[in-house]
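Colleague: 3D model of this:
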Amino acid sequence: MKAIRVHETGGPEVMKLEEVADPIAGAGEVLVRVRAAGVNPVDTYMRSGTQGRTPALPYTPGTDGAGIIEAVGPGVDGVACGDRVYFSGTASMGYTGAYAEKAVCRANQVHGLAASLSFGQGAAVGVPYATAHRALFGRAQSRPGETVLVHGGSGGVGVAAIQLARAHGMTVYATAGTGRGLALETAQGATRVFDHTSPSYLAEIFSATSGRGVDVIIEMLANINLDKDLGLLALRGRVVVVGSRGRVDIDPRQTMGRDAAVLGMTLGNVPPPEMAQIHADLAAGLGDGTLTPAVGREFPLHQAPDAHRAVMEPGAFGKIVLVA
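Modeller: Okay, here's the model as predicted:
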């Protein structure tokens, strides 16, 4: 099969399309013929080796994907060859990553893909929707009736957060830096959208709440926005840091009078039972059409370097996927 391989850390050009042996599903595993693989910012961090999370070299990147089950290993129940699935992880980080024509996954990493969704949309579920779900409900403990600000809502996680918050009865505000991004957020159900390149956007958000502030902020770029976020919070407001690309100075006094909280998260800390609950909830929303992943761009597998450049560019618009 063909797969993207990384033999050394560095820029996007270190990813090479190579011919490798087909992986084999072992006990408790399934072999998926990958039709689409999701591209996430964390994939670029691992490739570059700048954040200490690079697998043993060489490796195949990618954790998200969608396709068709091609083989089922011993001890696997509930799935069968020919099933359409999305997956949220692979059995062995490195050799069987998602940037390939085939990947081996543990049985608990594959989930049924509704017939109404494309494989590209399926590849947009694993990391973005699980991240948004845990940020909103696992960390922030968001509740119906609260106001949620998705700060940078036009990318994969942002779209997921908008849809999930809307579906659970929250007022949803979102920001983006382009007209196209703002239009996407509105289409996904955001109540109000704000251009975060405007000098007055923070005042506009605060005014939209009649001076009360927002209850929850889902923050995609904390190194730029965290100090600003603290000034937007309502009493007992919470900021969940989903992404950051560096350090930031904040004024801690902004948290004191509000009894506010800054919460971090990573999917790597989610225990399997909680992850199963997350995907059970997501499956319900994907099945009834409440949740509909938005794919912004598709690249062929051999253009993985271009996809890595694109996912780090400003002006996010939906999910970026590789098509195998």
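
Colleague: okay, now the unreliable bits of this protein?
Modeller: Applying pLDDT under 70 to the chain flags residues 52, 93-95.

Colleague: need the longest strand for it.
Modeller: strand 29-39 (DSSP state E).

Colleague: so for the biggest helix by length in the chain, what gets flagged as buried?
Modeller: Secondary structure of the chain per DSSP state H: the longest helix is helix 272-288. For helix 272-288, burial by neighbour count (16 or more other Cβ atoms under 10 Å) applies to 275, 278-279, 281-283, 285-286. All C-beta spots, glycine's among them, are computed from the backbone N, C-alpha and C.

Colleague: what's the domain layout of this structure?
Modeller: Listed domain ranges for the chain are 2-125+293-323, 128-267 (source: automatic domain parsing).

Colleague: end-to-end on the shortest one?
Modeller: So the one you mean is domain 128-267. End-to-end distance of domain 128-267: 10 Å, with Cα to Cα, to the nearest Å as the criterion.

Colleague: now swap in the longest one and tell me
Modeller: The straight-line separation of the ends of domain 2-125+293-323 (Cα to Cα) is 12 Å.

Colleague: centre of the chain to that domain, how far?
Modeller: Using Cα atoms, centre = their mean, to the nearest Å, the mean C-alpha position of domain 2-125+293-323 is found 13 Å from that of the whole chain.

Colleague: need phi/psi at the most centrally placed residue in the chain.
Modeller: Central residue of the chain (Cα atoms, centre = their mean): residue 128, 1.8 Å from the mean position. The phi/psi pair for residue 128 (degrees, to the nearest 10) reads phi -60, psi -50.

Colleague: mind listing what the spatially closest residue to it that is not a sequence neighbour touches?
Modeller: Nearest non-adjacent residue to residue 128, counting by Cβ to Cβ, 6 or more residues apart in numbering: residue 156, 3.7 Å away. By Cβ atoms under 8 Å, 6 or more residues apart in numbering, the residues touching residue 156 are 38, 40, 124, 127-128, 293-294, 316, 318-320.

Colleague: let's see that with 7 Å instead.
Modeller: With contact taken as Cβ atoms under 7 Å, 6 or more residues apart in numbering, residue 156 is in contact with 124, 128, 318-319.

Colleague: quick revisit: contacting residues around the residue nearest to the centre of the chain?
Modeller: 156-157, 160, 319.

Colleague: now, the contacts of residue 156 that are in strands?
Modeller: residue 319.

Colleague: what is the nearest of the contacts of residue 156 to residue 250?
Modeller: Among the contacts of residue 156, residue 128 lies closest to residue 250 (Cβ to Cβ), at 26.3 Å.

Colleague: that closest one and residue 282, how far apart?
Modeller: Distance of residue 128 to residue 282, computed by Cβ to Cβ, to the nearest Å: 10 Å.

Colleague: and of the buried residues of helix 272-288, the nearest to residue 60?
Modeller: Checking these against residue 60 by Cβ to Cβ gives residue 275 as the nearest, at 22.0 Å.

Colleague: for that closest one, which non-adjacent residue is spatially closest?
Modeller: residue 130 (7.0 Å).

Colleague: bridge partners for residue 192, pull those for me.
Modeller: Judged by DSSP bridges, the bridge partners of residue 192 are residue 173.

Colleague: so it is in contact with residue 171, correct?
Modeller: No. Using Cβ atoms under 7 Å, residue 192 is not in contact with residue 171, being 8.3 Å away.

Colleague: what is the neighbour count of residue 160?
Modeller: Here the count is done by other Cβ atoms under 10 Å, and residue 160 has 31 residues near it.

Colleague: which of the helices or strands spans it?
Modeller: Following DSSP states H and E, one finds residue 160 within helix 156-167.

Colleague: quick one: work out the angle between that helix and helix 272-288.
Modeller: Angle, helix 156-167 to helix 272-288, by axes from the mean of the first three to the mean of the last three Cα atoms, to 10 degrees: 70 degrees.

Colleague: what about helix 156-167, distance to the chain center?
Modeller: 10 Å.

Colleague: go through it and flag the buried ones.
Modeller: Within helix 156-167, the residues that qualify as buried are 156-167, counting by 16+ other Cβ under 10 Å.

Colleague: ok, these vs residue 104, which is closest?
Modeller: Relative to residue 104, the closest of these is residue 156; by Cβ to Cβ it sits at 24.0 Å.

Colleague: how about residue 302, what does it touch?
Modeller: Neighbour list for residue 302: residue 17 [criterion: Cβ under 7 Å, 6+ apart].

Colleague: any idea how far it is from residue 4?
Modeller: Distance from residue 302 to residue 4, counting by Cβ to Cβ: 8 Å.

Colleague: between those two, what contacts are shared?
Modeller: Contact criterion Cβ under 7 Å, 6+ apart; residues shared by residue 302 and residue 4: residue 17.

Colleague: which residues touch stretch 304-315?
Modeller: Against stretch 304-315 from outside (Cβ under 7 Å, 6+ apart): 4, 12-13, 15, 39, 41, 43-44, 47, 99, 177-178, 181, 297, 299, 320, 322.

Colleague: what segments of the stretch 1-150 of the chain are strands?
Modeller: Taking DSSP state E, counting those that start in this stretch as the criterion, the stretch 1-150 of the chain contains strands spanning 2-6, 15-19, 29-39, 64-72, 84-88, 102-106, 110-112, 147-151.
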